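# the following block contains a protein sequence and its predicted model.
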Amino acid sequence: MAFDLTGRVAIITGNSTGLGKGIGHALGLAGASVAVNYQNQTERAQATLEAYQADGINTVLAQADVTTEDGVNQLFETVESSLGQVDILIPNATCEQPQLRIEEYEWEFYQRMIDFFLKSPYLLARRALPAMKKRQYGRIINIVSEVFHRSVAPFSAYVSAKGAQIGWTRSMATELAPDGITVNMVAPGWIPVERHANDPPEQKQAYLDQIPMGRWGQPKDIGDTSLFLASDEASFVTGQTICVNGGLTPW
């Protein structure tokens with residue numbers, strides 16, 4: 001096996017579906033124990049749990065709202081008691097992402113973006129770090145987005161929150177490097193998953209036409225990139241962003 005995560009424990013937030021599910025699957029197939037985190041959709045989470053188990057992945061259901069301190073503590077208590085101390089942390093959970101003009105947004109939605117993409121990763125990292133520092137080992141991988149690099153509009157709430165997450169991640173990477181903890185980012189392009197089922201076909205085609213590789217990305221593409229960053233082979237890689245979008249941002 002190229003990347004072996006045997007004995008490692010991973011939290012990927014919001015991984016009952018979409019990209020998170022693919023990330024968990026990739027890490028689990030490499031030997032990691034992977035919790036299934038969800039907030040509300042119990043039936044969907046149970047289906048993901050069973051899919052993981054069918055592939056031999058050691059897993060547990062971990063319901064929690066990861067935008068709250070109590071929810072983060074609940075998540076870690078479930079994982080630590082069932083799977084062990086967390087080695088790999090991948091904040092991935094998201095919410096709706098409407099594209100609106102600046103004057104059409106309400107501040108409450110900007111705050112929601114901040115809660116998911118800055119507050120939640122902060123709370124998760126703060127909870128994970130004491131054990132990681134004690135072991136002098138850890139992998140934190142923030143799932144960011146190409147939208148920051150491409151200055152996508154009209155999408156200011158999401159783009160600004162992702163920009164804040166990127167800046168925070170880079171600072172954290174420098175701070176935690178002496179502790180043996182790497183902190184990196186994966187920036188997916190638009191990869192249609194379940195929540196994109198009703199997106200306009202013409203909008204999808206227009207995006208696909210821009211991708212130099214001429215195909216849609218798959219959750220596995222994000223999973224495989226995350227697997228590399230979680231592995232021992234990436235032990236000297238920190239503070240980096242890997243855009244996974246078929247060459248749409250070649251800089």
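Thanks, I have the structure now. Residues are numbered from 1 along each chain as shown.

# list the beta-bridge partners for Ile143.
Ile143 has these beta-bridge partners by DSSP bridges: Val186.

# can you show me the helices along the stretch 151-251 of the chain?
Along the stretch 151-251 of the chain, counting by DSSP state H, counting those that start in this stretch, helices occupy 156-176, 201-208, 219-230.

# contact partners of the second one?
Helix 201-208 is contacted by residues 190, 192, 196, 214-216 when judged by CB atoms under 8 Å, 6 or more residues apart in numbering. All C-beta spots, glycine's among them, are computed from the backbone N, C-alpha and C.

# try 6 Å this time
Trp190 (CB atoms under 6 Å, 6 or more residues apart in numbering).

# looking at it, Leu27 is touching Ala10, isn't it?
Yes: using CB atoms under 6 Å, Leu27 is in contact with Ala10, at 5.1 Å.

# mutual contacts of those two, please.
Val34.

# sorry, back to before: which one of the helices of the stretch 151-251 of the chain has the lowest average pLDDT?
Looking at those, the lowest mean pLDDT belongs to helix 201-208 (a mean of 87).

# and that one, how far out from the chain's middle?
In terms of CA atoms, centre = their mean, to the nearest Å, the centre of helix 201-208 is found 24 Å from the chain centre.

# flag every buried residue along that helix.
The neighbour-count criterion (16 or more other CB atoms under 10 Å) identifies Tyr207 as the buried residues of helix 201-208.

# look up the closest residue to Tyr137, ignoring the ones flanking it.
Distances taken as CB to CB, 6 or more residues apart in numbering place Gly180 nearest to Tyr137, at 5.2 Å, with adjacent residues excluded.

# in stretch 128-143, what counts as buried?
So for stretch 128-143, counting by 16+ other CB under 10 Å, buried means 128-129, 131-132, 137-143.

# which ones among these are found in helices?
Members of these lying in helices (criterion: DSSP state H): 128-129, 131-132.

# farthest-apart pair in the residues you listed, please.
Distance extremes for those: the farthest pair is Leu129 and Ala131 at 7.5 Å, using CB to CB.

# ok so, going back, ok, how many other residues are close to the residue nearest to Tyr137?
Using other CB atoms under 10 Å, Gly180 has 13 neighbouring residues.

# now it: how far from Ala2?
22 Å (CB to CB, to the nearest Å).

# got it, and Val72?
Plainly put, Val72 is 32 Å away from Ala2 if you go by CB to CB.

# could you do Pro192 as well?
28 Å.

# between the two, who's got more neighbours?
Between Pro192 and Ala2, counted using other CB under 10 Å, the more crowded position is Pro192 (16 against 8).

# so what's the more buried one up against?
Applying CB under 6 Å, 6+ apart to Pro192 gives no contacts.
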